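In: Prediction below, plus the sequence it came from.
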Amino acid sequence: MKRNMPGRNSFWREMVYNELVRIVGEGNVYADVADIVCYSRDVWPLTAIWIKKKEFLPEPDFIVHPENAEQVSEIVKLANMLKIPLIPFGGGAGVCGGTIPVNGGIIIDLKKMDKIVSIDHKSLLVTVQPGIIGEVLERELNKQGYTLPHYPASLYCSTIGGFVACRSAGSLSSKYGKIEDMVVALEVVLPTGEIIRTKPVPRSATGPDLKQLFIGSEGTLGIITEVTLKIKPLPEERRFRAFIFKDLHSGIEAVIKLFRKGLRPCVIRLYDYLDAQFTLKGRAELPEGGSYLILAFDGMKEMVEVEEKVATQVCLEEGGVEVEKELAEHWWNHRYDMYYPDPFRSAYGIIADTVDVAAPYDRLEKLYWTVKEAVERKNPGVTMMAHFSHFYEDGGSIYMIFFAQQQDPEKALEVYSSAWRDALDACLKAGGSISHHHGIGIVRAGWMHKEHGEAFNVLKKIKRVLDPNNIMNPGKLGL
């Protein structure tokens, strides 16, 4: 990877700097060494290995903080004219290298665009700028009796724009869906500077749904500058249940039957034997090879009572053994603890990452065993544990975590790269999707053509039409 694009001499830098200052003001343009270094990475674990190896990360040339869509548009027009890469930046909480400036360029940090534009109390819609942190928006909505029921692990340090750009998922997705199910309309600045808006209507039959083109595009097709989202009244009640099953298969079968009975628990998390031990920490007895299921139900008290009763019956019929609900409540109340700070610090020589994959139910269990077996067999010393973190009517996702200990940074890089390669190859072999909610970034980019087949050429053609100079977050999504 290059630290900067060639030809960026002092005259070039001064010219670009002055133009950016003209657009956003001197206080909103940064090029100091400390800022450059801070914006050279996201939370992709591989970058920690690079740093330990004393390798330079790709660096941006400038960091810019626009305050409105018009300023974003002017920055994009300038970059398009000069063919300078642009990298949209939210909270920097991505784990796939999605904001790494592989060819230098301008980081557009959107956090100053953090306003709640409006709340439609009748339609239950909120319109926000992309830079607002998820937790900040949630607290403001709670004050008015509402919730955006989207609670990813990065809630405290990631933005709404980042959620949308990467198709993120939250803990309550089994009932409320992922972020793409909550987005009603978008405002987007295209790679040539035009500002477009989609209409905030519940349904439409006016051709392809254009907003879905930009949801999940990871900044490669445009910059999201406004989002309209569905919100909900705060639930009257939320209750938890927890069950131990003799094996993983029994837990999956119980989940399938919950959906077939028309139930919609807001939380459904199924842990394999190893991850269950990590989660329970000895607070419940787990049979060898067993699994651990957490359920939660929210909404009106009467509805919660019915769902809770029927779900408990289903789990018991499938051989589940109920354990104290306080175990599930403890997970909910402490679900962010392990992420702040990150326990897998490179200083301890721990290599760890998560491969989030998905499949329909007829392939879901096979996907788990295929990926786990491939990674552990081909990489001695690597262990993989998992929990099924998001379930739907037709299938679910698996949060597969591999880890090993290796102090030597060269060997750590080999182990890390090999584990990822083997996991994604095995995922495709088992008929799964290589990402459920973390996105593609750099780490999965080389598998996009295998994921989509010939359809990937359609995405490449769209990229060429919308971004003829390839300035928008180049190198991401395999584009």
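Out: Sure, I can see it. Numbering: from 1, shown residues only.

In: hey, let's count contacts and neighbours off CA atoms from now on
Out: OK.

In: what's the span of stretch 187-205 from first residue to last?
Out: Terminal residues of stretch 187-205 lie 20 Å apart, using CA to CA, to the nearest Å.

In: Report the buried residues of that stretch.
Out: By neighbour count with 16 or more other CA atoms under 10 Å, stretch 187-205 contains the buried residues 187-193, 195, 197, 200.

In: quick one: buried residues of stretch 299-318?
Out: Applying 16+ other CA under 10 Å to stretch 299-318 flags 299, 304-305, 307-308, 311-312, 314-315, 318 as buried.

In: Filter these down to the ones in helices?
Out: 304-305, 307-308, 311-312, 314-315 (DSSP state H).

In: possible to save the buried residues of stretch 299-318 as CSV with distance to Phe391 and pLDDT?
Out: Listed next are these as CSV, based on distance: CA to CA, whole Å; pLDDT from 0 to 100:
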residue, distance to Phe391, pLDDT
Gly299, 19, 98
Val304, 19, 98
Glu305, 21, 97
Glu307, 16, 98
Glu308, 17, 98
Ala311, 15, 98
Thr312, 17, 98
Val314, 16, 98
Cys315, 16, 98
Glu318, 18, 97
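
In: that older thread, dump the ones in helices among the buried residues of stretch 299-318 into a markdown table; add distance to Val29 as well.
Out: Listed next are these as a markdown table, based on distance: CA to CA, whole Å:
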| residue | distance to Val29 |
| --- | --- |
| Val304 | 51 |
| Glu305 | 55 |
| Glu307 | 53 |
| Glu308 | 53 |
| Ala311 | 55 |
| Thr312 | 56 |
| Val314 | 58 |
| Cys315 | 57 |
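
In: Out of those, the closest to Val76 would be?
Out: Looking at those and their distance to Val76, the nearest is Val304, at 48.9 Å (CA to CA).

In: where along the stretch 51-200 of the chain do the helices fall?
Out: For the stretch 51-200 of the chain, the helices defined by DSSP state H, counting those that start in this stretch cover 69-82, 134-143, 160-166, 173-176.

In: picking up where we left off before, ok, the buried residues of stretch 299-318 vs Leu20, which is closest?
Out: Set against Leu20, the nearest of those by CA to CA is Gly299 (48.6 Å).

In: can you pull the contacts of that closest one?
Out: Applying CA atoms under 8 Å, 6 or more residues apart in numbering, we find Gly299 in contact with 234-238.

In: Next, the closest residue to it other than its chain neighbours: secondary structure please.
Out: Ranked by CA to CA, 6 or more residues apart in numbering and with sequence neighbours excluded, the top spatial neighbour of Gly299 is Pro235, at 4.4 Å. Of the three states, Pro235 takes coil under DSSP: H, G, I helix; E, B strand; the rest coil.

In: per-residue pLDDT, Pro235?
Out: On pLDDT, Pro235 comes in at 98.

In: Likewise for the one 4 residues further on?
Out: At Arg239, the pLDDT value in this model is 98.

In: Next: Glu55.
Out: 85.

In: Kindly report the same for Gln313.
Out: With respect to pLDDT, Gln313 scores 98.

In: quick one: it and Arg241, what's the gap?
Out: According to CA to CA, Gln313 and Arg241 sit 12 Å apart.

In: okay, now the domains of the protein?
Out: Residue ranges of the domains in the chain are recorded as 10-111, 116-233, 237-335, 346-438, according to automatic domain parsing.

In: closest to Asn470 out of those?
Out: Minimum separation from Asn470 across these (CA to CA) falls at domain 10-111, 7.5 Å.

In: the bottom helix or strand of the protein by mean pLDDT?
Out: Sorting the helices and strands of the chain by mean pLDDT, DSSP states H and E puts helix 45-52 at the bottom, at a mean of 88.

In: now the strands for the stretch 201-350 of the chain?
Out: Assigned by DSSP state E, counting those that start in this stretch, the strands in the stretch 201-350 of the chain fall at 223-230, 232-233, 237-245, 267-271, 291-299, 321-323, 350-360.

In: Hmm, I typed the wrong one, I wanted the stretch 51-200 of the chain.
Out: Under the criterion DSSP E, counting those that start in this stretch, the stretch 51-200 of the chain contains strands at 62-64, 86-89, 106-109, 116-120, 125-128, 146-147, 183-189, 195-197.

In: Could you save these as CSV and add columns showing mean pLDDT and distance to Phe56?
Out: Compiled in CSV, the strands of the stretch 51-200 of the chain are given as follows (pLDDT from 0 to 100; distance: least, CA to CA, whole Å):
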stretch, mean pLDDT, distance to Phe56
strand 62-64, 98, 17
strand 86-89, 98, 19
strand 106-109, 98, 18
strand 116-120, 98, 38
strand 125-128, 98, 36
strand 146-147, 98, 42
strand 183-189, 98, 31
strand 195-197, 98, 36
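
In: highest average neighbour count across those strands?
Out: For the strands of the stretch 51-200 of the chain, the largest average neighbour count (mean count of other CA atoms under 10 Å) is found in strand 86-89, namely a mean of 28.

In: And that strand, what does it pack against?
Out: Strand 86-89 is packed against strand 106-109, with contacts defined by 3 or more CA pairs under 8 Å, 6 or more residues apart in numbering; DSSP states H and E.

In: Quickly run through the sheet partners of the strand it packs on, with directions.
Out: strand 62-64 (parallel), strand 86-89 (parallel) (DSSP bridges).

In: Can I get those in CSV including distance to His438?
Out: Compiled in CSV, the strands paired with strand 106-109 are given as follows (distance: least, CA to CA, whole Å):
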stretch, distance to His438
strand 62-64, 24
strand 86-89, 15
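
In: Between those, which one is closest to Lys257.
Out: Short answer: strand 86-89, nearest of the strands paired with strand 106-109 by CA to CA, at 41.2 Å.

In: Render the CA-only coordinates of the closest one in CSV, please.
Out: Presented in CSV, the C-alpha positions along strand 86-89 are these (Å, rounded to 0.1, in the frame of the first residue of the first chain):
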residue,chain,number,x,y,z
LEU,A,86,-12.2,10.7,-1.0
ILE,A,87,-12.9,8.5,2.1
PRO,A,88,-16.1,9.1,4.0
PHE,A,89,-15.5,8.7,7.8
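
In: neighbouring contacts of it?
Out: Identification of contacts with strand 86-89 by CA under 8 Å, 6+ apart yields 76, 79, 99-101, 105-110, 162, 219, 223, 471-473.
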